[in-house]
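1. coordinates only, no sequence provided:
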C-alpha cells in the first residue's frame, strides 16, 4: 500500500505525533480518520504511522485538555466525533512548535555545518 | 474521571467508524470490498493493542505516581534506618498489644456462645432477698414447678457437674460428669453424633442407668469402639448403658472440652438424692427463651412465679426470688470489667505510640522542610507533597502493621498459656480474620493519625521562608515546635492515666494477698479422696472409711498433725446452707439465715491454725451416737447472736442428708475467708464429721514433708484401704491461696506491663523533644556560654523546658487519671480510686523518668563549646 521503501520511513516519536495532531487541528475540527489522512498527506507518506496509534495519542491530548471532543456530522451526513483544539492546546502548540523548530534547526546545523 | 469513562466506552465505535471510512476510501480507489476491508485493518494495526494502549493512557498516570511515591518512600525510610526501626517498633508494640487484647475481648465478650441462637439462652437462679448478690441454684422441686407454669421458656434444664471414676479402661480415670434433667439437649439444641439423646423416660424412677459420652472420650479412652452403643461402662463401680455420642463441637460451658459424659439426674450418686431436698438451692438452671420473648418479660413472669413458689413451700422459699440473666453474661462474669479496662489501656498505649511517631515525623519533616520547599518551587502542588508524605507514613504503617500483627499473634499464644484456668471461654481465644481485620484497620487509622499532622504542617509552611533559611535551621516554625511539645505533654498525660490505673491495681493486689485468710497456710497441704457412691453408699460406710483413713495417715511419720475436712476454704466450691435458731424462728420480716457449711474431723482447727475463741473444739465425744453439735464462726455469732453468748444455743441446718436436727453450739472460732480472699468473711458453721460424714473428704496436713513425699504417703494409706480409690486435687495451701487470686494477678500484671510500655514511650517522646530543642538552641547556648553563663544556668535553661512539659502533662493527666480510675470499680480492693499515695507515686515516677529522659540532651547542652556552636550555622 505504501509507495516508499520500509527503510525510508521514520518512526514517529510520541511527542511528534502529538504535535502533528495539534498542528492538523489548527485548521479546524476533524474526526479521527480525517486527522490520520491529513498527517499522511502533509508528510507526503514519509512519516508512516499505523493509524491505530492515533487513538492513544488523542486520548492523551484530551486528558491534558489540549483538545476537546464534540459531536457532529461528517461530509456525507454521518454521525462523527470531532476533535477540536482548545485554547490551552493552541498555546501548547506554539511552545512545541518553537521547540521543534529549534531542534530541527540544530539538527540541520549539525548535518550541514560548513554551509 | 467522567471524560475517561465516556471516552473509553465510545472507543470501539470510534474505531469501527474509522475503519469504515478507510474501507470506503479504498473502494473508491478501486479495490474490491473484501480487499478494501483487509487493507483498512492492516493500516490501522492491532485493534486490541490500540484499545489497551488507550486505556493505559488514563490509568498510567496515577498508578505511576503511586508507585513512584511508594518507591521514594521506601528509599527515604531505608536512608534513615534508626528512625525507621524506632517508628516501626513503636507502632508494632501498639498494634501488637491491641491485637492480642482485642482477640481476647472479641473471643470472650463479643463472639456468641457456640450454640444455635445462643442469645436466647438464659441462666435462671435463686437470689436471697433483693439486695444480696449471691446467685445460687434452685431446688429440683422449684425447677419442676417453674417448668410447668411458665410461658416464656421454650425449654428449661437443670445441670450440675462433678467427677465420676471410669474403671475398666486402663487406670481409673476421672471424667467430667454433667448431671442433667431430660430437657438439657433441647435447651442447647444439640444432635447426637450417633445413637440418641435422653428421653423423659430415662429420668423416670427405676429406669435403667444410661450415659451419653463425648466424642473426645469415645475417640481417646474408648478407642473409637464402633459398637460402643448399647455397651456398659462402669462409673464409680456402677454400670451405665451408652445410648449416644455427642459431637466434639459441643461441650458444657465452664468445663474444658475434654472427657465429658452426661447422665440423667436421678442416676447420679451424688446429686440424685438432692432431688427430694426442697430447701436446697443446688441446681443451676439454664433455659431457652421462646422466640420474641424479652428478658424483662421473662423476669416479670419469674417474679410472679416466685410468689407462687413461696405459697407452695413457704418454709423453703420465703425470701428467695427467681432471677434471669443472659447465659453469656453469667459465663463471662466479672472478667468483663477487667477486659474493658485492659482494652482501654492498650488503646492508650497505641495513642502514645502514635504521638511518638508523629513527633519523630515532625522532627524529620522540619529537617526536610527545605527539600519540600524545593519541590514546591519546582511546581509540585500542595496535594502532591502531602500525598508523598502520606505514602511515606503509609509504608511505615504497613511495616508496623505486619510486625504488630506478628507480635499480637505471638501475644495471644502467650496469653492463652498465661491466663488462669478459671478464665471464661479460654479455649475460644484465638486470632481469626475478624481480629486481623481489626488490626489492619487500626494500623490504617494509626498511620493517618500520625501521618496527617506533619504532612499538613509541612505543606502549609511557607516555601519562601524555608528556602531562605539555612538547611539545619529551616522549618523551625512556631507551629511545629508547639505541636511537638503538645504531643510530648499528651504522652505524659496518657502515661499518668495508665500508671495510676496500674498503681491502683498493684496496691489492690498487694492488699488482697496481704489479707489474713483466717488460717495459716504455711506447711499445710491438701489431698482429696472421694468415695465411689455406689460402693460406699451409707453414712456409716463413709464414717468407717474416714476413721480408718485418718488413723492411718496420722500414724505416718511427719503427718501426725492431719485432719479431714469437706470442703476446704478457697477451693472450687463452698456449701451455703440455710439454718434456723431454735427458739428464734424466722419471722416473715427478716429473710432466711444462711451460712457456709463445713464438716470437719477433730484436729482441723489445730492443723489450719484457726483460733478457738470460746467453748471447745470437736473431739472424740462428738461421735455419731452422741447429740449433734456445731461450732460457729465469729461472724455468725456477731450477726445472729448480737450481745448474747451463742454457746449452748441450738441451730437446725437445712441440710439434705441430716435435716431438722438441732445442733448445740459448743464453740466459736475465728473467721475464715472461705469463698474469696476479697470478700468479707461470711458466717460459717462447722459440723462434726463423725456425725455428718460425706462420701469422701480432703486430708489436710501441717507437715514439714515435701508435697511429693506427703502425697506418696497418703496415697499409700488410701490404697491400703481400697486400691481403686484415686487421690486427686493435691495442692499446698499456699498454692490454693495463690490460685484463688489468679485473675486479679493476671490483670494486674498485664496492666502494669502496658503502663510500663506507656512510660517508656513517653520517655522516648520527652527525650526526642528535649534533644531536638537542645540541638536547635546550640547556637544560643554557645552565645550564653561565651558570655559567661555557668553550667548550672544552662542546666536551668534546659530543665525549665522539661519541667514545663511534665507540669503540663501532669496538669491534664491527673484529673483524667482520677476520672478514669473510677472505671476500675470492683477491680479495686482496699484502696480508693483517688488514692493519694498512688497519685503521688505516679507523679514522682513521671518526674523521675522525665529527668532521666532529659539527662542526655541536658548534658550535651552543658558541654556545648561556644566556638563550635557559633560556627554551627
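-> Nice, I can see it. Only a predicted model underlies this, so the values are computations on that prediction, with no experimental measurement involved.

2. got the residues of the stretch 1-150 of chain B near chain A?
-> Residues of the stretch 1-150 of chain B lying near chain A by C-beta under 8 Å from any C-beta of the partner chain: B:3-4, B:7, B:10-11, B:14-15, B:17-18, B:21-22, B:25, B:39, B:42-47, B:49-51, B:53-54, B:56-58, B:61. Heads up, the C-betas are built off the backbone N, CA and C, glycines and all.

3. now restrict those residues to buried residues only.
-> The neighbour count (16 or more other C-beta atoms under 10 Å in any protein chain shown) marks B:7, B:11, B:14-15, B:17-18, B:21-22, B:39, B:43-45, B:47, B:50-51, B:53-54, B:57-58 as buried among the residues of the stretch 1-150 of chain B next to chain A.

4. just the ones in helices from these, please.
-> B:7, B:11, B:14-15, B:17-18, B:21-22, B:39, B:43-44, B:47, B:50-51, B:53-54, B:57-58 (DSSP state H).

5. so where's chain B uncertain?
-> B:1-3, B:60-62, B:130-134, B:254-258, B:376-382, B:456-477, B:572-573, B:586-592, B:655-660, B:870-873 (pLDDT under 70).

6. residue B:310: neighbour count?
-> Close neighbours of residue B:310, defined as other C-beta atoms under 10 Å in any protein chain shown, add up to 17.

7. how far does the helix or strand that contains it sit from its chain's centre?
-> For residue B:310, the element it lies in under DSSP states H and E is helix B:295-312. With C-alpha atoms, centre = their mean, to the nearest Å as the basis, helix B:295-312 stands 34 Å off its chain's centre.

8. next: stretch B:238-246.
-> 36 Å.

9. any buried residues in it, and which?
-> Using 16+ other C-beta under 10 Å as the test for burial, stretch B:238-246 gives B:238, B:240, B:242-246.

10. for stretch B:295-307, same thing?
-> Judged by neighbour count (16+ other C-beta under 10 Å), stretch B:295-307 contains these buried residues: B:298-299, B:301-302, B:305-306.

11. give me the contacts around that stretch.
-> B:122, B:124, B:145-146, B:149-153, B:289, B:317, B:320-326 (C-beta atoms under 8 Å, 6 or more residues apart in numbering or on different chains).

12. check stretch B:65-83 too.
-> If you take C-beta under 8 Å, 6+ apart as the criterion, stretch B:65-83 is touched by B:84, B:360, B:364, B:387-388, B:391-392, B:394-396, B:399.

13. show me which residues of that stretch are buried.
-> Buried, per 16+ other C-beta under 10 Å, within stretch B:65-83: B:69-70, B:73, B:76-77, B:83.

14. just checking, what packs against the helix or strand hosting residue B:506?
-> Of the helices and strands defined by DSSP H and E, residue B:506 is found in helix B:478-514. The contact analysis (3 or more C-beta pairs under 8 Å, 6 or more residues apart in numbering or on different chains; DSSP states H and E) places helix B:478-514 against helix B:335-367, helix B:433-460, helix B:742-776, helix B:791-821, helix B:836-862.

15. would you say residue B:704 is within a strand?
-> No. Assignment of residue B:704 by DSSP: H, G, I helix; E, B strand; the rest coil gives coil, placing it outside any strand.

16. hmm, stretch A:85-92 in reach of chain B?
-> No. Counting by C-beta under 8 Å from any C-beta, chain B is not contacted by stretch A:85-92; separation bottoms out at 12.7 Å.

17. which parts of stretch B:305-319 are buried?
-> Within stretch B:305-319, the residues that count as buried by 16+ other C-beta under 10 Å are B:305-306, B:309-310, B:316-319.

18. and residue A:59, what element?
-> Short version, using DSSP H and E: residue A:59 is in helix A:54-63.

19. helix, strand or coil for residue B:262?
-> strand.

20. my guess is it meets residue B:242, correct?
-> No. Taking contacts as C-beta atoms under 8 Å, residue B:262 lies outside contact range of residue B:242: 10.9 Å.

21. pull up the overlap in contacts between these two.
-> With C-beta under 8 Å, 6+ apart as the test, residue B:262 and residue B:242 both reach B:211-212.

22. what sits against the residue nearest in space to the middle of chain B?
-> By C-alpha atoms, centre = their mean, chain B has its centre lying nearest to residue B:339, at 5.0 Å. Residue B:339 makes contacts with B:101, B:104-105, B:108-109, as judged by C-beta under 8 Å, 6+ apart.

23. hmm, try it at 10 Å
-> With contacts defined as C-beta atoms under 10 Å, 6 or more residues apart in numbering or on different chains, the neighbours of residue B:339 are B:101-102, B:104-106, B:108-109, B:332, B:423, B:747, B:750.

24. what about the helices in chain A?
-> For chain A, applying DSSP H gives helices covering A:14-25, A:32-42, A:54-63, A:87-111.

25. so where's chain A uncertain?
-> For chain A (pLDDT under 70), the answer is A:1-15, A:43-49, A:74-76, A:112-115.

26. return the residues of chain A in contact with chain B.
-> Residues of chain A lying near chain B by C-beta under 10 Å from any C-beta of the partner chain: A:1-2, A:31-37, A:40, A:48-63, A:65, A:68-69, A:74, A:76, A:78-81.

27. wait, is residue B:832 part of a helix?
-> No. Going by three-state DSSP, the assignment for residue B:832 is coil, not a helix.

28. wait, it sits on residue B:511?
-> No. Counting by C-beta atoms under 10 Å, residue B:832 stays clear of residue B:511, with 11.7 Å between them.

29. those two: who's more crowded?
-> Taking other C-beta under 10 Å, residue B:832 and residue B:511 do not tie; residue B:511 has more neighbours (15 against 11).

30. dump the residue contacts of that one.
-> Each residue near residue B:511 by C-beta under 10 Å, 6+ apart is listed here: B:677-678, B:828-831.

31. how far away is residue B:164 from chain A?
-> Distance, residue B:164 to chain A, using C-beta to the nearest C-beta, to the nearest Å: 80 Å.

32. burial measure for the nearest residue to residue A:35 once chain neighbours are set aside, as a count.
-> Using C-beta to C-beta, 6 or more residues apart in numbering or on different chains and skipping the chain neighbours, the partner closest in space to residue A:35 is residue A:24 (5.2 Å). For residue A:24, the count of nearby residues is 20 (other C-beta under 10 Å).

33. residue 35: what's it in contact with?
-> Picking chain A for this. Neighbouring residues of residue A:35 by C-beta under 10 Å, 6+ apart: A:20-21, A:24-25, A:29, A:51, A:54, A:57-58, A:83, B:18.

34. not quite, I wanted chain B
-> So residue B:35 contacts B:23, B:26-27 (C-beta under 10 Å, 6+ apart).
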